[in-house]
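S.K.: sharing a sequence plus its predicted fold:
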Amino acid sequence: MLAMHSSRATRASLALLAVGLTGMVATAALGASGGDRSPIEPARSPKPAAAVATQRLGHDQAAQASSPASPAPEASEPPAVRLPACRYRDQATRFGQPRYWKKTLLDTNLRLARTYQPWDLVSVSRAGLRGSGLVRQKVIADLTALASAARAAGKPLAVRSAYRSYQTQVATFASWVARSGYEQALKFSARPGHSEHQLGTTMDFTTAPGVPLSTDFGASPAGRWLAANSWRYGFIMSYPRGMRRVSCYGYEPWHFRYVGRELAALIHESGQVPRRYLWEHFESVP
Ligand SMILES: [Zn+2]
C-alpha cells in the first residue's frame, strides 16, 4: 500500500508531480487509484485528450461529459440502472455490513462506515501464499485452490497487501494530503472507507514477496494467468485496463476481490466491469 512505498518510489512520484499535471501522460499515470496504484507506473494507454480532460474536470462536469460518450449498450438501459459517473462523494453503500460482502459496491462515491470491520480475518499464509496480509476466513479455501493452481501452472503468486482497516486508510490518505495536497491525494489513494481492501476479501498480488505493484504485472506470465483464471476460483479483477470511466480507477492488474465462485462466474460471463455488474444487480435494484 502507498504508505509503505519505498523512498525510491516516493522520489519517483514526486518527480512525476514535478512534471506537472497539465501533461496528458502525467495525468493518465496519476489518475484516480484504488488506493494502491504505484505512482511510478507508466501510462500504458494514454487516453484521448477529451477523456483525460473529463478525468480532470470537476465531478459534475465529468458526469455531463460522460453521458454522450457512453458505450452503446447503455443506450437501451432503463434510467434506473444507469451507472452513475465517478464522483468523489461520501454516500453509504447499500450493502454496508460484512455479511453482504459479495454485494457490497465501493467506488469514489460509495463507502463503508468507519466501524466496518470483518470479524474473521486470518493470514493469507493459511492459503499457502507467500507475502503478508489478512483476509476473511471464507476466502481461504478458494485462495488456497487459486494459489495451488497458479503454482501448478508455473506462475507462483505472492500477496503484497490484503485487509486494510479504516484507520489505516485514514493514515495513508492523510500522509498523501500532507505531502501533495488534497486534490493530488485523491489520485494516489482511495479516501477512507472507499477501499475494497476494507472488505477483507480483496488482495494485491505480485510475483514474489517484496515486488512492488506495477502495471507490468498485467503483462507478466503470472499476471496473464491470473487475469484469465482467477474467476474460476471466485476472484475478479476490479479495475481492468481501459475501463476507468466505468470502474472509477485506473488499471490495477494486481487487485482482485473475492466474491465466491458463483458470482465470479456470472460476472465473468457478463463481460462487465465488476462495478457495473454490482450496480445493476444489487446496488440499484429496487
Ligand atoms: Zn488493491
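M.R.: Ah, there it is.
S.K.: contact partners for the residue nearest to residue 133 when sequence neighbours are not counted?
M.R.: Excluding the flanking residues, the one nearest residue 133 by CB to CB, 6 or more residues apart in numbering is residue 162, at 2.9 Å. To be clear about C-beta, it is placed using only N, CA and C from the backbone, and glycine gets the same treatment. Applying CB atoms under 8 Å, 6 or more residues apart in numbering to residue 162 gives the contacts 124, 132-135, 197, 200, 202-204.
S.K.: just the residues you listed now: which is nearest the ion?
M.R.: Using CB to the ion, residue 204 is the member of those that lies nearest the ion, at 4.2 Å.
S.K.: just name the shakiest helix or strand of the chain by mean pLDDT.
M.R.: When the helices and strands of the chain are compared on mean pLDDT, DSSP states H and E, helix 59-66 comes out lowest with a mean of 34.
S.K.: hmm, who's touching the helix or strand following that helix?
M.R.: Downstream of helix 59-66, the first helix or strand assigned by DSSP states H and E is strand 91-92. Applying CB under 8 Å, 6+ apart, the contact partners of strand 91-92 are 109-111, 113.
S.K.: in this structure residue 212 contacts residue 204, no?
M.R.: No. Taking contacts as CB atoms under 8 Å, residue 212 lies outside contact range of residue 204: 10.2 Å.
S.K.: compare the two (neighbour count), which wins?
M.R.: Set residue 212 next to residue 204 and count neighbours by other CB atoms under 10 Å: residue 204 wins out with 25 against 17.
S.K.: tell me the secondary structure at that one.
M.R.: What DSSP: H, G, I helix; E, B strand; the rest coil gives for residue 204 is strand.
S.K.: enumerate the beta-bridge partners assigned to it.
M.R.: Under DSSP bridges, the beta-bridge partners of residue 204 are residue 161, residue 255.
S.K.: would you map the strands across the chain?
M.R.: 91-92, 110-111, 121-123, 130-131, 134-136, 158-161, 202-206, 235-237, 255-258 (DSSP state E).
S.K.: burial count for whichever residue of the chain sits closest to the ion?
M.R.: In the chain, the residue that lies nearest the ion is residue 255 (3.5 Å; CB to the ion). By other CB under 10 Å, the residues close to residue 255 number 27.
S.K.: isn't it up against residue 206?
M.R.: No. Assessed by CB under 8 Å, residue 255 is found out of contact with residue 206, at 11.1 Å.
S.K.: just the buried members of the contacts of strand 91-92?
M.R.: Listed as buried from the contacts of strand 91-92 are 109-111; burial here means 16 or more other CB atoms under 10 Å.
S.K.: let me have the residues you listed in a markdown table, extended by pLDDT and distance to the ion.
M.R.: Shown next, in a markdown table, are these (pLDDT from 0 to 100; distance: CB to the ion, whole Å):
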| residue | pLDDT | distance to the ion |
| --- | --- | --- |
| 109 | 96 | 18 |
| 110 | 98 | 17 |
| 111 | 98 | 16 |
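S.K.: so what's in contact with residue 212 and residue 204 at the same time?
M.R.: With CB under 8 Å, 6+ apart, residue 212 and residue 204 have common neighbours residue 160.
S.K.: any weak-confidence spans in the stretch 51-200 of the chain?
M.R.: 51-80 (pLDDT under 70).
S.K.: what residues does stretch 165-172 touch?
M.R.: Residues outside stretch 165-172 that contact it (CB under 8 Å, 6+ apart) are 1-3, 35, 112-117, 164, 189-195, 197-198.
S.K.: residue 242 and residue 251 touch, don't they?
M.R.: Yes. Using CB under 8 Å, residue 242 is in contact with residue 251, at 7.1 Å.
S.K.: quick one: which of the two has more around it?
M.R.: It is residue 251, of residue 242 and residue 251, that has more neighbours when counted by other CB under 10 Å, with 24 against 12.
S.K.: for that one, give me phi and psi.
M.R.: phi -60, psi 120 (degrees, to the nearest 10).
S.K.: neighbours of residue 175, how many?
M.R.: Applying other CB under 10 Å, we find 15 residues neighbouring residue 175.
S.K.: any idea how far residue 189 is from residue 170?
M.R.: 11 Å (CB to CB, to the nearest Å).
S.K.: same thing with residue 111?
M.R.: When distance is defined by CB to CB, residue 111 is 12 Å away from residue 170.
S.K.: overlap in contacts of those two?
M.R.: residue 192.
S.K.: related to what we said a few turns ago, make CSV out of the strands of the chain and add distance to residue 181.
M.R.: Conversion of the strands of the chain to CSV gives the following (distance: least, CB to CB, whole Å):
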stretch, distance to residue 181
strand 91-92, 24
strand 110-111, 21
strand 121-123, 33
strand 130-131, 32
strand 134-136, 31
strand 158-161, 24
strand 202-206, 25
strand 235-237, 30
strand 255-258, 25
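S.K.: alright, that wraps it up for me.
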